[in-house]
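J.: when you get a sec, could you give me coordinates for this:
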Amino acid sequence: MTVLGYGLALLIGVVLGLLGGGGAILTVPVLVYVFGTGMKQAVPMSLVVVGLASLLGVLRHRRGGRVNLRAAAAFGPPAMAGALLGTWAALRVTGALQLTVFAVVLIAAAALMLRDRREDGAPPARRRPLPVLGLMGLAVGFLTGFIGVGGGFMYVPALTLLAGLDMKSAVGTSLALIVLSCATGLAGYLGRVTIDWPLVAGFTALAFAGVAVGSALVPRVSQQALRRGFAVFLLLMGAFVLVRGEAGARERPAAPAPSAEQAPVG
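T.: Next up is the predicted model:
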């Protein structure tokens, strides 16, 4: 399982580099179902992996002029506030509820991506007012803290549909937002949940390699085809998590965590 898990870590980085999101969608299930990590531990561990891998992606996309600072400024602060709120809520609910929400979010994200049929060369969508962008950032940030998703799979369509960015700029800007929301969400978990740092370090190193590969491929691949293929993958993953739930995780129990799993943190 370790070989499979680390192989998937490499794939997570490639997905992050190519699409500006989706890495955490893979990270949480891999940690829970392959490595046997509890859901409460998988969420902050995912935030470390995806946040650091996204930071590498930001540096690469920034050099290519694919990070829109205006959109990042509109989404960023609300996303950080939402991540703190999501962390607070996550520490007060069961892992089973988190997994259910996780699966629903995957399916909703897949539907959103399949509805966005605009081709790569199409004119950008009309820009929405800043308050609308802020509310979207708040919502995605909440999901970051609550279920450990970086939010890129929602940021990218939001940045194209609401902020009027082209797909490639949305990818780079999404990675910047992921870094902000992951760092904020992680801060809310530190000291409250046990984190397997050696596992995180190995996972992150391979994800880094994958991001470098994925980012380099962005100008050479059809983003429309990638979106559609990834949307189908999200549907399948969401169905899997709904069917397996916590039962799949219990087959490989992780070490016990602090009391955040059972009781509210005051």
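J.: other SSEs contacting the strand or helix carrying residue 236?
T.: In this structure, residue 236 sits in helix 223-250 according to DSSP states H and E. In this structure, helix 223-250 packs against helix 2-19, helix 23-29, helix 95-115, helix 167-189, with contacts taken as 3 or more CB pairs under 8 Å, 6 or more residues apart in numbering; DSSP states H and E. Quick note: C-beta positions are derived from backbone N, CA and C, even for glycine.
J.: average pLDDT across that helix?
T.: Computed over helix 223-250, the mean pLDDT rounds to 76.
J.: likewise stretch 61-76?
T.: For stretch 61-76, mean pLDDT is 82.
J.: does the residue nearest to the spatial centre of the chain belong to a helix, a strand or coil?
T.: The residue lying closest to the centre of the chain (CA atoms, centre = their mean) is residue 150, at 2.5 Å. Under DSSP: H, G, I helix; E, B strand; the rest coil, residue 150 falls in the coil class.
J.: surely it meets residue 51?
T.: Yes. With contact defined as CB atoms under 8 Å, residue 150 reaches residue 51; the gap is 7.1 Å.
J.: anything in contact with each of these two?
T.: Residues touching both residue 150 and residue 51 by CB atoms under 8 Å, 6 or more residues apart in numbering: 178, 182.
J.: now the angle between helix 167-189 and the helix holding residue 236, please.
T.: Interaxial angle of helix 223-250 relative to helix 167-189 (axes from the mean of the first three to the mean of the last three CA atoms, to 10 degrees): 20 degrees.
J.: count of residues packed around the residue nearest to residue 39 when sequence neighbours are not counted?
T.: Closest residue in space to residue 39, ignoring its immediate chain neighbours: residue 95 at 3.5 Å, by CB to CB, 6 or more residues apart in numbering. Here the number of neighbours of residue 95 (other CB atoms under 10 Å) works out to 20.
J.: and the pLDDT for residue 95?
T.: Looking at residue 95, the pLDDT reads 86.
J.: likewise for residue 123?
T.: pLDDT for residue 123: 46.
J.: torsion angles phi and psi at the residue nearest to the centre of the chain?
T.: When quoted as degrees, to the nearest 10, the phi and psi of residue 150 stand at phi -70, psi -30.
J.: what's the answer for residue 166, then?
T.: Dihedral angles of residue 166 (phi, psi; degrees, to the nearest 10) stand at phi -70, psi 160.
J.: separation between it and residue 109?
T.: Using CB to CB, to the nearest Å, residue 166 is found at 20 Å from residue 109.
J.: who has more neighbours out of the two?
T.: Counted by other CB under 10 Å, residue 166 and residue 109 do not tie: residue 109 has more neighbours, with 26 against 19.
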